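Trainee: below: sequence and its predicted model.
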Amino acid sequence: MARSLVFELLDEGHCEVLTKLGDSEGVRRYLGEHVDAWIDGDGEWCVPEKEKGLYKSDSKREIMVEMVLNMVLMCWREEFDSKKLSTAVAVLWVTHVMSMSKRLSMKEAASLCHELLVVHSVDRPPKSTRLLNIYDVKVVHTYIMQTYLRHYFLYLHVFSIPLALTVTVATQRDLVPQPPPFAPLRFAK
């Protein structure tokens, strides 16, 4: 059964407060308080425990706030209601958290985003819920492709655990099996 992301991160109360704030600075402050909860929480869509340290610096927190703020501003431009706003933010957030924690390729991240949008645009209970129409899906998908995924490698560099690569040099002599040594001539027949 597909799990709906509506009001998963931003509930109706949060969406109403965001709408009342109206300006980007007020929304930025409000989101700053809630992004911390999304990062530090232990819910299904929160940052995995082993990676929470990657999100603790102020600059990384600001990146996350800006990412969500810009999605909210896009939703306002498109006049999304609170359900659509909440869902669009959650799709972006879940795409980001899942992609970074699993170190997905850009193609896999785009596929995950597409799958989440389709789940929220087709009415086939219990597999999906129709919340977004085709125009909404196109707008959100285009926005995520042109913003988040355009800069995906930067996000991947900033928000994923660095990999340690150990290189061992092997010469050709090491790779070719050596024949057993000849017996000394004194033992020859």
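Mentor: Arrived safely. Note that the structure is predicted; figures quoted are calculated from it, not measured. Numbers count the residues shown, from 1 in each chain.

Trainee: list the buried residues in the host helix or strand of E25.
Mentor: Assigned by DSSP states H and E, E25 falls within helix 24-40. By neighbour count with 16 or more other CB atoms under 10 Å, helix 24-40 contains the buried residues 27-28, 30-31, 34-35, 38-39. Yep, even glycine has a C-beta here, placed from its N, CA and C like the rest.

Trainee: per-residue confidence averaged over that helix?
Mentor: Helix 24-40 carries an average pLDDT of 82.

Trainee: ok, now stretch 178-189?
Mentor: Averaging pLDDT along stretch 178-189 gives 78.

Trainee: using CSV, list the CA coordinates for that stretch.
Mentor: This file holds the C-alpha atoms of stretch 178-189, laid out as CSV (Å, rounded to 0.1, in the frame of the first residue of the first chain):
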residue,chain,number,x,y,z
GLN,A,178,54.3,-18.2,-10.8
PRO,A,179,55.2,-21.7,-11.8
PRO,A,180,56.8,-23.9,-9.1
PRO,A,181,60.6,-23.6,-9.1
PHE,A,182,62.7,-26.2,-10.9
ALA,A,183,64.3,-28.9,-8.8
PRO,A,184,68.1,-28.5,-8.5
LEU,A,185,70.1,-30.4,-11.2
ARG,A,186,71.6,-32.7,-8.7
PHE,A,187,68.2,-34.2,-8.1
ALA,A,188,67.5,-34.5,-11.9
LYS,A,189,67.0,-37.9,-13.4
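
Trainee: export the helix holding E25 to PDB, keeping only CA atoms.
Mentor: Output of helix 24-40 as PDB, limited to C-alpha atoms (Å, rounded to 0.1, in the frame of the first residue of the first chain):
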ATOM      1  CA  SER A  24       9.800  34.900   2.400                       C
ATOM      2  CA  GLU A  25      11.700  36.100   5.400                       C
ATOM      3  CA  GLY A  26       8.900  35.100   7.800                       C
ATOM      4  CA  VAL A  27       8.500  31.800   6.000                       C
ATOM      5  CA  ARG A  28      12.300  31.200   6.100                       C
ATOM      6  CA  ARG A  29      12.300  31.700   9.900                       C
ATOM      7  CA  TYR A  30       9.300  29.500  10.400                       C
ATOM      8  CA  LEU A  31      10.700  26.700   8.200                       C
ATOM      9  CA  GLY A  32      14.100  26.900  10.000                       C
ATOM     10  CA  GLU A  33      12.300  25.800  13.200                       C
ATOM     11  CA  HIS A  34      10.600  22.900  11.400                       C
ATOM     12  CA  VAL A  35      13.500  21.700   9.300                       C
ATOM     13  CA  ASP A  36      15.400  21.100  12.500                       C
ATOM     14  CA  ALA A  37      12.500  18.800  13.700                       C
ATOM     15  CA  TRP A  38      12.500  17.000  10.300                       C
ATOM     16  CA  ILE A  39      16.300  16.400  10.600                       C
ATOM     17  CA  ASP A  40      16.400  15.500  14.300                       C
END
